[in-house]
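> Sequence first, predicted model second:
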Amino acid sequence: MYKNLLIAAATLVLMASCKPKQELLLIETDYGNMKVSLYDSTPLHRDNIKKLANEGYYDGTLFHRVIPGFMIQGGDPDSKGAAPQQRLGGGGPDYRIDAEIGAHHYKGTLAAARTGAGNPEKKSSGSQFYIVQGKPVDPANLDKMGANKGITYTAEQKARYAKDGGAPFLDGDYTVFGEVIEGMEVIDKIAAVQIGNADRPVQDVTMKVKVIKQ
C-alpha cells in the first residue's frame, strides 16, 4: 500500500510538471504594472497580442485616450514619440482581426478597439486595445441594455456588474480577450490623470508590454 501511495504521489508530481504554464501579459507603466490573463476562447486576439508584445511593438507607446469612468486605450504605434497635442488613434498594422465576440466588459477586461464605419463584421484593430474602468451597473438597467441587444445576463453576471462595474453597453459589439488579474488600481490611477484634447493625457502615459509565464 505504501508503495502504491509513493507511485501515486510521483505521478501527480509528473503531471504537475508537464502541465503547460499559462502565458500572461505584463503591462508596465509609471503608475504601476498590470498583469493580464489572456482568454483561450479568443485565440486570434490572444496570439496576435502575444506576437506583437514579443516583437516589442508596444514598448514606448502611450495610453493615448483616457475617459474616466469608461476606459483607457493604447496600442497606437504612431504614439511613440508623438508631439504634444498630436491627435492619435489611427495607427496600427496593415491588418484587422476577425471578431471573437462573446465575453463581457467587466472592470479590468482587455478588449480590442475597432473602427465602426465600413466594418459590419466588427473586425478588431490589429494592435489597439482598451482596458475597461467603467462604473457599477444596476441589474434593472443591465436587463434593459441586454433586452436592446438580445443579451440575457445571468444572476452571476448581474452581480459582477453591480459590484465591480464595467461597460455593458459595449457587450456584443467588441471582442474582449483578457482581464487584469493584478494591478487593478493602476487602471484607476491612469483614468484619473489630467486630460487634454481628444481625451489624450496632458502628461504622456507610456507603456511596455511583455509576455510572461505563471
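Noted; the coordinates are in hand.

> Below-threshold pLDDT in the chain: ranges please.
The model of the chain has pLDDT under 70 over residues 1-21, 214.

> Mind jotting down where the helices sit in it?
All helices of the chain, identified by DSSP state H, fall at 2-18, 43-54, 139-149, 155-164, 184-191.

> I'd say Tyr95 and Ser124 touch.
No: contact criterion CB atoms under 8 Å: Tyr95 and Ser124 do not qualify, at 10.0 Å. Placement of C-beta: from N, CA and C, glycine included.

> one step back: out of the helices of the chain, flag the one nearest Leu170.
Closest to Leu170 of the helices of the chain is helix 139-149 (CB to CB; 9.8 Å).

> Quick check: buried residues in that closest one?
For helix 139-149, burial by neighbour count (16 or more other CB atoms under 10 Å) applies to Leu142, Met145, Gly146.

> any chance of the helices of the chain in CSV, plus distance to Leu62?
Formatted as CSV, the helices of the chain follow (distance: least, CB to CB, whole Å):
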stretch, distance to Leu62
helix 2-18, 41
helix 43-54, 15
helix 139-149, 31
helix 155-164, 26
helix 184-191, 11
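
> and Ala83, which of these is closest to it?
helix 184-191 (20.8 Å).

> Taking helix 155-164 as reference, get the angle to that closest one.
Orientation check (axes from the mean of the first three to the mean of the last three CA atoms, to 10 degrees): helix 184-191 against helix 155-164 gives 50 degrees.

> Can I get helix 184-191 as CSV, trimmed to CA atoms?
Output of helix 184-191 as CSV, limited to C-alpha atoms (Å, rounded to 0.1, in the frame of the first residue of the first chain):
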residue,chain,number,x,y,z
MET,A,184,-6.4,46.8,-10.9
GLU,A,185,-5.6,50.0,-9.1
VAL,A,186,-3.4,51.1,-11.9
ILE,A,187,-6.5,51.5,-14.2
ASP,A,188,-8.0,54.0,-11.7
LYS,A,189,-4.7,55.9,-11.4
ILE,A,190,-4.4,56.3,-15.2
ALA,A,191,-8.0,57.2,-15.5
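
> Perfect, I'm done here.
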